[in-house]
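Engineer: Please work out how this folds:
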Amino acid sequence: MSETNKGQLGYRIAGVIFMAIGLAVFAIRLVHAGPYALPGGAAFIGALLAIALGAFLLWPGKPRFTGLVAIVVATFASFPAIYSIVGETEEVISLYAVGPENNLVDLRLWIVDRSDGAWVGMGRSKAVTHNLDGARLDMLRGGETICVIPALVEERATVSVIHKMKVDKYKAAQISASIGMYPSEASENTVALRLDPCSS
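Structural biologist: You can find the predicted model right below:
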């Protein structure tokens, strides 16, 4: 096999891999019961780029340089896509909040349970931007939608405990923490939210 044919085969293999990664970002969410949650942000953009560049790499007769550029860009695009795939393999809830432009936002979050209720954690700015504290919101968990009222907690001991519970529960968090993509301990900007059921 000539060097040119080997190069084209390598591009085709890379193209299949990147397309599979991009499609998996959309497909992995089908494992969760309830309404389908469309990926957003960097995961959505990364998935589209991985699919598009994967298809480009499958195209025969491209110049070697453009193929190499496509592989480099697709590799970087795949990082948020892979993180999204791994993050969706375990339990994820949707918290339907209102965004800064009064648009409905589907917050995909990891959740933990302890004796005083269900908890999630996030950056303080995210919680404030979406006006989560004290709001009446719908939460989709395990295919069931219920009304909850998040109570924002900034007390560091509680925040640290909730964050540790997330890391202990989710393999994705443990793997991401080991490579520096997720904090192993709660930062000063992290808050916890207790998801209290709405009263009847």
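Engineer: Only C-alpha atoms from now on, for both contacts and neighbour counts.
Structural biologist: OK.
Engineer: In terms of residue numbering, what are the domains of this structure?
Structural biologist: 3-87, 93-197 (automatic domain parsing).
Engineer: mind putting the ones you listed in a markdown table, mean pLDDT and mean neighbour count included?
Structural biologist: A markdown table is the format used below for these (pLDDT from 0 to 100; neighbours: other C-alpha atoms under 10 Å):
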| stretch | mean pLDDT | mean neighbour count |
| --- | --- | --- |
| domain 3-87 | 90 | 18 |
| domain 93-197 | 93 | 17 |
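Engineer: where does Ala127 land in three-state SS?
Structural biologist: The local conformation at Ala127, judged by DSSP: H, G, I helix; E, B strand; the rest coil, is helix.
Engineer: Spatially central residue for the protein, please.
Structural biologist: In the chain, the centroid-proximal residue (C-alpha atoms, centre = their mean) is Ser84; its distance is 3.7 Å.
Engineer: For that residue, pull up the helix or strand it's in.
Structural biologist: helix 64-87 (DSSP states H and E).
Engineer: what does stretch 91-109 contact?
Structural biologist: Under the criterion C-alpha atoms under 8 Å, 6 or more residues apart in numbering, residues 32, 37, 110-111, 120-121, 129-132, 137-142 lie in contact with stretch 91-109.
Engineer: Which of those fall in helices?
Structural biologist: Residues of those located in helices (DSSP state H): Thr129.
Engineer: The strand ranked longest in the chain pairs with which strands?
Structural biologist: As assigned by DSSP state E, the longest strand anywhere in the chain is strand 144-153. Paired neighbours of strand 144-153 in the sheet (DSSP bridges): strand 137-141 (antiparallel), strand 190-197 (antiparallel).
Engineer: Output those strands in TSV; the columns should cover distance to Asn102.
Structural biologist: As requested, the strands paired with strand 144-153 are exported to TSV (distance: least, C-alpha to C-alpha, whole Å):
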stretch	distance to Asn102
strand 137-141	14
strand 190-197	21
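Engineer: Once you drop chain neighbours, what's closest to Ala55?
Structural biologist: Gly15 (6.0 Å; C-alpha to C-alpha, 6 or more residues apart in numbering).
Engineer: Please enumerate residues in contact with the helix or strand hosting that neighbour?
Structural biologist: Assigned by DSSP H and E, Gly15 belongs to helix 3-27. With contact meaning C-alpha under 8 Å, 6+ apart, helix 3-27 is reached by 38-39, 43-44, 46-61, 64, 67, 71, 74-75, 78, 81-82, 84-85.
Engineer: just how off-centre is that helix within its chain?
Structural biologist: 23 Å (C-alpha atoms, centre = their mean, to the nearest Å).
Engineer: circling back to that earlier point, roughly how far is the longest strand of the chain from the heart of the chain?
Structural biologist: Strand 144-153 sits 20 Å away from the centroid of its parent chain (C-alpha atoms, centre = their mean).
Engineer: Which residues does it contact?
Structural biologist: Residues outside strand 144-153 that contact it (C-alpha under 8 Å, 6+ apart): 34, 132-140, 159, 191-198.
Engineer: Lovely, talk soon.
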